[in-house]
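> what follows is a predicted protein model with its sequence.
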Amino acid sequence: MTTIGFKLAGLLFKQLVKPIAKSVKDQAHTRPWLRDICIKVGDWSNRVSLRLTLRLMGHNPAKIKPLAAEKALEYGANFLGEVLVFSSAALVTGAEFTRKYQSDANKAEAKREKERKQKEALENRFRTIETKIDILLERQNQHERFLEKVMGHIHSIKNESASKSWWKSLLGSISSLSLFGSSSTAS
């Protein structure tokens, strides 16, 4: 799901929870089991709120009177409704955070994979270049050996004869020699 789609879905979810929270507040007056829960929650939230307020003012409350049933019912219904709205907002925020975290992790993994492939391609390129250099060095060595043979034949022919047929024997010697010798390799 796209970022905009995800945010719109989260906003829709939060908006749908608000009528549910209002419904809980309304049904707290008609449903006995929900009424009991709201009264207990309202009384508890009142006690916690009063204790914190009195302690912040420097007093130590010994006992706090319970609220009237209707007042506790109203506090409890409001508290449960707000808990539903807050929980939905926290759920959507957590889901957005998780999605963003996963998206960032996927991007980081894709970046690492791209860097790995680039490094691998570069290493392959260097290996290819090294191989080609080795082949060129071998060919250079073959050519040097060939030139040494030619020079040896030239010196031997010079020493044997100083006549005009010297060129004929040189050409004959060169044509009988192989460019790569007997140890040539196919590339």
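That came in fine, so what should we check first? Residues are numbered from 1 along each chain as shown.
> any weak-confidence spans in this structure?
Across the chain, the ranges flagged by pLDDT under 70 are 1, 158-173, 175-187.
> and the helices in it?
Counting by DSSP state H, the chain has helices at residues 3-27, 32-56, 69-160, 166-176.
> mind checking which of the ones you listed is nearest K63?
helix 32-56 (9.7 Å; C-beta to C-beta). Yep, even glycine has a C-beta here, placed from its N, CA and C like the rest.
> circling back to that earlier point, need the winner for burial among the helices of the chain.
Ranked by mean neighbour count, those are led by helix 32-56 with a mean of 15 (mean count of other C-beta atoms under 10 Å).
> just checking, what packs against it?
Here helix 32-56 touches helix 69-160, going by 3 or more C-beta pairs under 8 Å, 6 or more residues apart in numbering; DSSP states H and E.
> and the helix it packs on, how far from the chain's centre?
Taking C-alpha atoms, centre = their mean, to the nearest Å, one finds the center of helix 69-160 at 11 Å from the center of the full chain.
> again with stretch 35-51
47 Å.
> which residues sit against that stretch?
By C-beta atoms under 8 Å, 6 or more residues apart in numbering, the residues outside stretch 35-51 that reach it are 28-29, 61, 64, 66-67, 69, 71-80.
> can I get it in PDB? Just the C-alpha atoms.
Provided in PDB are the C-alpha atoms of stretch 35-51 (Å, rounded to 0.1, in the frame of the first residue of the first chain):
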ATOM      1  CA  ARG A  35     -23.000   0.300  33.300                       C
ATOM      2  CA  ASP A  36     -21.200  -1.700  36.000                       C
ATOM      3  CA  ILE A  37     -17.900  -1.500  34.200                       C
ATOM      4  CA  CYS A  38     -18.200   2.200  33.600                       C
ATOM      5  CA  ILE A  39     -19.100   2.900  37.200                       C
ATOM      6  CA  LYS A  40     -16.100   1.000  38.400                       C
ATOM      7  CA  VAL A  41     -13.800   2.700  35.900                       C
ATOM      8  CA  GLY A  42     -15.200   6.100  36.700                       C
ATOM      9  CA  ASP A  43     -14.800   5.600  40.400                       C
ATOM     10  CA  TRP A  44     -11.300   4.300  40.000                       C
ATOM     11  CA  SER A  45     -10.300   7.200  37.600                       C
ATOM     12  CA  ASN A  46     -11.700   9.700  40.100                       C
ATOM     13  CA  ARG A  47      -9.700   8.200  43.000                       C
ATOM     14  CA  VAL A  48      -6.500   8.200  41.000                       C
ATOM     15  CA  SER A  49      -7.000  11.800  39.900                       C
ATOM     16  CA  LEU A  50      -7.800  13.100  43.400                       C
ATOM     17  CA  ARG A  51      -4.900  11.300  45.000                       C
END
